[in-house]
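>>> this one's sequence-less:
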Ligand SMILES: Nc1nc2c(ncn2[C@@H]2O[C@H](COP(=O)(O)OP(=O)(O)OP(=O)(O)O)[C@@H](O)[C@H]2O)c(=O)[nH]1
Ligand SMILES: [Zn+2]
């Protein structure tokens with residue numbers, strides 16, 4: 001699968017979505033022909049394609065695009081990677097931070113690639129639990145490391161603006177493999193993600 005960095009929109013998909021969004025605006029009691037809304041269906045169609053572009057991207061190919069042989073055996077941690085995804089139940093955003101660590105086994109990757117892997121899976125319809133494990137599995141497959149740890153902390157708009165309306169709830173999910181199944185290594189990772197740069 002191609003590694004696509006561009007914001008691209010499929011014309012056929014855009015056209016189909018525009019028709020449906022125009023109808024949806026009418027059903028919601030709006031006038032899709034009023035000036036402010038004339039281009040809204042097209043904007044929505046593009047925004048939705050942007051937020052689901054991960055379906056066209058391949059996380060392992062991204063990791064492979066910057067792989068370097070390096071004799072490092074310490075934990076590499078990138079934390080506070082901001083994340084915007086969409087829950088598959090309500091198609092409302094959830095957003096927060098991902099923290100990713102791995103212990104290399106002779107191969108490292110470019111640090112930015114870890115953040116790109118987050119986006120590949122975040123820009124799909126998701127549940128936070130699956131997003132967490134998909135990131136872990138892609139890094140395992142792409143780098144064959146000695147272990148991977150992924151923690152995601154996120155707020156779900158579907159719990160803030162509707163439904164239960166809990167403004168302060170934060171959901172934390174985690175996935176660990178290899179050496180992170182060892183309590184000492186896992187505790188070191190958890191300590192590092194809790195620490196602040198001063
Ligand atoms: N496990 C999990 N649940 C999620 C996620 N995002 C949203 N949900 C939940 O999905 C559930 C869907 O439940 P339903 O009862 O079918 O939907 P609903 O009537 O809209 O539920 P309420 O949100 O409680 O009003 C809700 O409890 C949401 O909070 C997620 O990433 N992971
Ligand atoms: Zn939801």
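Looks like it came in fine. These numbers come from a predicted model, not from an experiment. Ligands and ions are numbered 1, 2, ... in the order given.
>>> only C-alpha atoms for contact and neighbour calcs from this point on.
Will do.
>>> tell me the contacts of the residue positioned nearest the centre of the chain?
For the chain, the residue sitting closest to the mean C-alpha position, by CA atoms, centre = their mean, is residue 122 at 2.2 Å. By CA atoms under 8 Å, 6 or more residues apart in numbering, the residues touching residue 122 are 54, 83, 84, 85, 86, 131.
>>> And residue 132, by the same measure?
Contacts of residue 132 by CA under 8 Å, 6+ apart are 150, 151, 152, 173, 174, 175.
>>> among these, which are in helices?
Applying DSSP state H to those, no entry is found in helices.
>>> Wait, residue 167 touches residue 158, no?
No: counting by CA atoms under 8 Å, residue 158 is not a contact partner of residue 167; they are 10.3 Å apart.
>>> More neighbours: which of those two?
Just comparing residue 167 and residue 158: by other CA atoms under 10 Å the higher neighbour count belongs to residue 158, 19 against 12.
>>> per-residue pLDDT, the more buried one?
At residue 158, the model reports a pLDDT of 97.
>>> quick one on the thing from earlier: most neighbours among the contacts of residue 122, please name it.
Of all these, residue 85 has the most neighbours under the rule other CA under 10 Å, reaching 27 neighbours.
>>> Okay, and the beta partners of that one?
residue 94 (DSSP bridges).
>>> What are the structural domain limits within this protein?
The record's domain split for the chain, according to automatic domain parsing, is 11-51, 56-194.
>>> Quick check: which of these is buried the most?
Most buried of the domains of the chain by mean neighbour count (mean count of other CA atoms under 10 Å) is domain 56-194; its value is a mean of 18.
>>> Can you check the distance spanned by it, start to finish?
With CA to CA, to the nearest Å as the measure, domain 56-194 spans 34 Å from end to end.
>>> ditto for stretch 73-93
Taking CA to CA, stretch 73-93 runs 37 Å from one end to the other.
>>> same question, stretch 173-189
This stretch, stretch 173-189, spans 14 Å end to end (CA to CA).
>>> cool, stretch 143-160 as well?
OK, stretch 143-160 end separation, CA to CA: 37 Å.
>>> Can it be said to contact ligand 2?
Yes: judged by CA under 5 Å from the ion, stretch 143-160 and ligand 2 are in contact via residue 158.
>>> can you give me the offset of that stretch from its chain's centre?
Its chain's average C-alpha position is 8 Å from that of stretch 143-160, according to CA atoms, centre = their mean, to the nearest Å.
>>> so which of the contacts of residue 132 comes closest to ligand 1?
Closest approach to ligand 1 among the contacts of residue 132 (CA to the nearest ligand atom): residue 173, at 9.3 Å.
>>> I figured that closest one hits residue 149, correct?
No: contact criterion CA under 8 Å: residue 173 and residue 149 do not qualify, at 10.9 Å.
>>> if we can go back for a sec, distance to ligand 1 added to the domains of the chain, as a markdown table?
A markdown table is the format used below for the domains of the chain (distance: least, CA to the nearest ligand atom, whole Å):
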| stretch | distance to ligand 1 |
| --- | --- |
| domain 11-51 | 16 |
| domain 56-194 | 3 |
